[in-house]
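Peer 1: Sequence and predicted structure, then a few things I'm wondering about:
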Protein chains: 2
Amino acid sequence: MTKLPDPLAHRRADHAIETLFLRRWSPRAMSGEAVTPAELSRLFEAARWAPSTYNEQEWRFRYAHRGSATWGTFFDLLLDANKAWCKDAGVLVAIFARTTFTKTGKPNPVHLFDCGAAFENLALQGAAMDLVVHGMAGFDWARAGKDLRAPAEFVPAAMFVVGRPGDPTKLPPELREREVPSGRRPVAESAGEGPFPAS
Amino acid sequence: MTKLPDPLAHRRADHAIETLFLRRWSPRAMSGEAVTPAELSRLFEAARWAPSTYNEQEWRFRYAHRGSATWGTFFDLLLDANKAWCKDAGVLVAIFARTTFTKTGKPNPVHLFDCGAAFENLALQGAAMDLVVHGMAGFDWARAGKDLRAPAEFVPAAMFVVGRPGDPTKLPPELREREVPSGRRPVAESAGEGPFPAS
């Protein structure tokens, strides 16, 4: 099994945080090996405990193992740029969000936000298990709901792959050089006291 | 300092996961004590390392310490039901999401999803620090952008409080009984192989 590069060699926190946040990144190189149902259950279990408004748990995960009967239906939704490396995933997952409150049927303003929280738990759990978890917005959003038979009150929120770490030199050249844990802008550029500065 | 109830006494994972996911919950009882700028920096640092499409880091956090000049501007955005317990927070935070891609100006379909991922990192870091972090959708969404001077390309994504654990018996009666780490439906009800079942 290929070992993932160590994100801690590329990243340094400016303020003390749990190491897991730095260890999680979004590799593309995968080996093509399977992800087991037991591993997948652990990932979904992590997502399960995310917070959501009124405990709605708006997230629904639909997935396909590579080589299974429904893999093609999921894979065909991806843009070509993502197909190029997702072909070596173990599992391809589509997240759907319930847009309305269960009890009242009214619009839920945080259905996508809450799905993002659930995905992040899953991605962190994947990092803890040395699996590749890589989220994607590059898919056919209109077709995702239709081809995956989403009920009327659900919309796509994102897709992601799960896989085992692979050899980065086998990636297409333009992706190979990007196969490094990415940096971030400093906290001060994302957070500030009071309202936004007057422009 | 009041100690938080132990979520592990109320929750059991069906599949092995990092304990931090179970330890994170959304208490309402806060002591009114301050949250320090150094603590706040650690929370934002955790959020910083969340994944986002094209590393956009769409999240912006605007915040007010209780007792500061801008606290009222933030607090007045909350619905009364939230004001009742948020008055004892140390910090009140509004998350804004950039709706468009930095490079192209085109709509970014995962701007709210990515903010949810960043918030979840922050909430988990808060749990690791024994702080209360509680997200909210119950605020005046239209006024939030206006009163907090959000630039045109930003929309509110959520609000949340940070505080120190407090005495749950001082909560309003209807909230007191809900001051317990909540359960979740089983993984099998949120995740399944293949498209949604044909209806």
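Peer 2: Happy to help now that I have it. Numbers count the residues shown, from 1 in each chain, chains lettered A, B, ... in the order given.
Peer 1: Could you pull out the strands in chain A for me?
Peer 2: A:59-65, A:91-98, A:132-136, A:154-163, A:191-193 (DSSP state E).
Peer 1: Identify whichever of the ones you listed lies nearest to residue B:184.
Peer 2: Across those, residue B:184 has its closest neighbour in strand A:59-65 (10.7 Å, Cβ to Cβ). To be clear about C-beta, it is placed using only N, CA and C from the backbone, and glycine gets the same treatment.
Peer 1: Hmm, residue A:2 is touching residue A:169, no?
Peer 2: No: taking contacts as Cβ atoms under 8 Å, residue A:2 lies outside contact range of residue A:169: 10.3 Å.
Peer 1: higher neighbour count, those two?
Peer 2: A count of neighbours by other Cβ atoms under 10 Å in any protein chain shown puts residue A:2 above the other of residue A:2 and residue A:169, at 16 against 9.
Peer 1: beta partners of the nearest residue to the more buried one once chain neighbours are set aside?
Peer 2: The shortest distance from residue A:2 to any non-neighbouring residue, by Cβ to Cβ, 6 or more residues apart in numbering or on different chains, is to residue A:165 (4.6 Å). Judged by DSSP bridges, the bridge partners of residue A:165 are residue A:30.
Peer 1: ok, how many other residues are close to residue A:44?
Peer 2: With other Cβ under 10 Å as criterion, residue A:44 counts 25.
Peer 1: which ones are touching it?
Peer 2: A:61, A:122, B:15, B:187, B:190, B:191 (Cβ atoms under 8 Å, 6 or more residues apart in numbering or on different chains).
Peer 1: Quick check: the residue of chain A nearest chain B.
Peer 2: Nearest residue of chain A to chain B: residue A:116, at 2.6 Å (Cβ to the nearest Cβ).
Peer 1: Tell me the confidence at that residue?
Peer 2: We have a pLDDT of 99 for residue A:116.
Peer 1: quick one on the thing from earlier: with mean pLDDT and distance to chain B as new columns, can the strands of chain A be given to me in a markdown table?
Peer 2: Formatted as a markdown table, the strands of chain A follow (pLDDT from 0 to 100; distance: least, Cβ to the nearest Cβ, whole Å):
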| stretch | mean pLDDT | distance to chain B |
| --- | --- | --- |
| strand A:59-65 | 98 | 4 |
| strand A:91-98 | 99 | 8 |
| strand A:132-136 | 98 | 6 |
| strand A:154-163 | 98 | 5 |
| strand A:191-193 | 98 | 4 |
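Peer 1: Would you mind telling me which of those is nearest residue A:147?
Peer 2: strand A:91-98 (9.3 Å).
Peer 1: What strands line up against that closest one, and which way round?
Peer 2: Applying DSSP bridges to the sheet, strand A:91-98 is found paired with strand A:59-65 (antiparallel), strand A:154-163 (antiparallel).
Peer 1: Which among the strands of chain A is found nearest to residue B:108?
Peer 2: Nearest to residue B:108, of the strands of chain A and by Cβ to Cβ, is strand A:154-163 at 11.7 Å.
Peer 1: Show me the residue sitting in the middle of chain A in space.
Peer 2: residue A:135 (3.1 Å; Cα atoms, centre = their mean).
Peer 1: Count the neighbours of the closest residue to that residue other than its chain neighbours for me.
Peer 2: If the residues on either side of it in the chain are set aside, residue A:135 comes closest to residue A:160, at 4.4 Å by Cβ to Cβ, 6+ apart. A count of neighbours around residue A:160, defined by other Cβ under 10 Å, yields 25.
Peer 1: so residue A:160 bridges to which residues?
Peer 2: residue A:93, residue A:135.
Peer 1: just residue A:65 next, same as before
Peer 2: With DSSP bridges as the rule, residue A:65 is bridged to residue A:91.
Peer 1: Can you report how many residues lie near residue A:183?
Peer 2: With other Cβ under 10 Å as criterion, residue A:183 counts 12.
Peer 1: Please disregard the earlier target; I meant residue A:144.
Peer 2: Neighbourhood size, residue A:144 [other Cβ under 10 Å]: 23.
Peer 1: what pLDDT does it get?
Peer 2: 98.
Peer 1: Contacts only, for the closest residue in space to it that isn't next to it in sequence.
Peer 2: Leaving aside its chain neighbours, residue A:144 sits nearest to residue A:156 (4.3 Å; criterion: Cβ to Cβ, 6+ apart). Residues counted as contacts of residue A:156 (Cβ under 8 Å, 6+ apart) are A:94, A:95, A:96, A:97, A:139, A:141, A:144, A:145, A:150.
Peer 1: And these, which two are furthest apart?
Peer 2: A:97 and A:139 (14.8 Å).
Peer 1: of these two, who's got more company?
Peer 2: Between residue A:97 and residue A:139, residue A:97 has the larger neighbour count (other Cβ under 10 Å), namely 27 against 22.
Peer 1: Give the bridge partners for that one, please.
Peer 2: Applying DSSP bridges, one finds that residue A:97 bridges with residue A:59, residue A:155.
Peer 1: From residue B:47, how far off is the closest residue to residue A:180 other than its chain neighbours?
Peer 2: Excluding the flanking residues, the one nearest residue A:180 by Cβ to Cβ, 6+ apart is residue A:10, at 6.1 Å. Computed as Cβ to Cβ, to the nearest Å, the residue A:10 to residue B:47 distance reads 19 Å.
Peer 1: what do you get for residue A:95?
Peer 2: For residue A:95 relative to residue B:47 (Cβ to Cβ), the value is 20 Å.
Peer 1: Let's test this: name the helix or strand in chain A with the lowest mean pLDDT.
Peer 2: The helix or strand of chain A with the lowest confidence, counting by mean pLDDT, DSSP states H and E, is helix A:173-176 at a mean of 92.
Peer 1: can you list contacts of it?
Peer 2: Residues contacting helix A:173-176 (Cβ under 8 Å, 6+ apart): A:28, A:84, A:85, A:168, A:169.
Peer 1: how many neighbours does the nearest residue to residue A:16 once chain neighbours are set aside have?
Peer 2: Nearest-residue entry for residue A:16: residue B:42, 5.8 Å, with adjacent residues in sequence omitted and distances by Cβ to Cβ, 6+ apart. When neighbours are counted by other Cβ under 10 Å, residue B:42 registers 22.
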